[in-house]
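# Predicted model and sequence follow; I will ask about them next.
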Amino acid sequence: MRQELIAQLNAWHEEDEFEQIVSRIKEVPTPLIDDELAVHLGRALNNLGRYKEALKWFNKTADKGKKDPLWHFRVGYAHYYLDQYDEAIKAFEKAHKLDPEDQDIIEFLEWSRNEAGVQEGPDDSGDAEDSAEEADGNSDSKDTEDTKR
């Protein structure tokens, strides 16, 4: 049953059916939402523009995400679209340190630095999991980049 659920979530992701993902995972009692489901939920929420809510779910997986460039990218992505550029920079710098060849990371890091008025910064100025906890109520949305990560 679990494998079928994960397969369905992945299929919905490929079909851009992000509301389906959110609805299905939210049927699971919150204490039973494990790290894998939390990542699926956070990713879907990011793709729906519900960045603050996505950060809460990514924060749930922060311990496992510390060495995962994709986790840091997703956190940075949410902060970027919440106009929280300093937090986005921290997350993208950590992601870049872990995966220096990823072009999406490089692009979002550059955009974040431009928005913040920063040209260059250290590769690792802090842990992005700390920034996942700092989301404030600023939810002005930009046109989202279609990365589906």
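Now that the structure is in, tell me what you want to look at.
# I'd say residue 106 and residue 96 touch.
Yes - counting by C-beta atoms under 8 Å, residue 106 touches residue 96, with 6.6 Å between them. All C-beta atoms are positioned from the backbone trio N, CA, C, and that covers glycine.
# Looking at these two, which has the bigger crowd around it?
Using other C-beta atoms under 10 Å, the more surrounded residue of residue 106 and residue 96 is residue 96, with 21 against 15.
# show me the contacts for that one.
Residues in contact with residue 96 (C-beta atoms under 8 Å, 6 or more residues apart in numbering) are 69, 102, 105-106, 109, 123.
# Whichever of the residues you listed end up buried, select them in ChimeraX.
The ChimeraX selection below is limited to those of the contacts of residue 96 classed as buried (16 or more other C-beta atoms under 10 Å):
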select :69,102,105,109
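# Tell me which two of the contacts of residue 96 sit farthest apart.
102 and 123 (13.5 Å; C-beta to C-beta).
# Tell me which residues of whichever strand or helix holds residue 53 come out buried.
According to DSSP states H and E, residue 53 maps onto helix 51-60. Along helix 51-60, these residues count as buried under the neighbour rule (16+ other C-beta under 10 Å): 51-60.
# what do you get for stretch 59-70?
So, applying 16+ other C-beta under 10 Å, buried residues of stretch 59-70: 59-62, 65, 68-70.
# Show me which of the residues you listed is closest to residue 29.
residue 60 (14.2 Å).
# Now for the residue most central in space within the chain: which residues touch it?
Closest to where the C-alpha atoms of the chain average out (C-alpha atoms, centre = their mean) is residue 74, at 2.1 Å. Listed by C-beta under 8 Å, 6+ apart, the contact set of residue 74 reads 42-43, 46, 54, 58, 149.
# run the last query once more with 7 Å
If you count contacts by C-beta atoms under 7 Å, 6 or more residues apart in numbering, residue 74 has them with 42-43, 46, 58, 149.
# Buried ones among these?
By neighbour count, with 16+ other C-beta under 10 Å, the contacts of residue 74 hold 42-43, 46, 58 as buried.
# of all those, which comes closest to residue 12?
residue 43 (10.9 Å).
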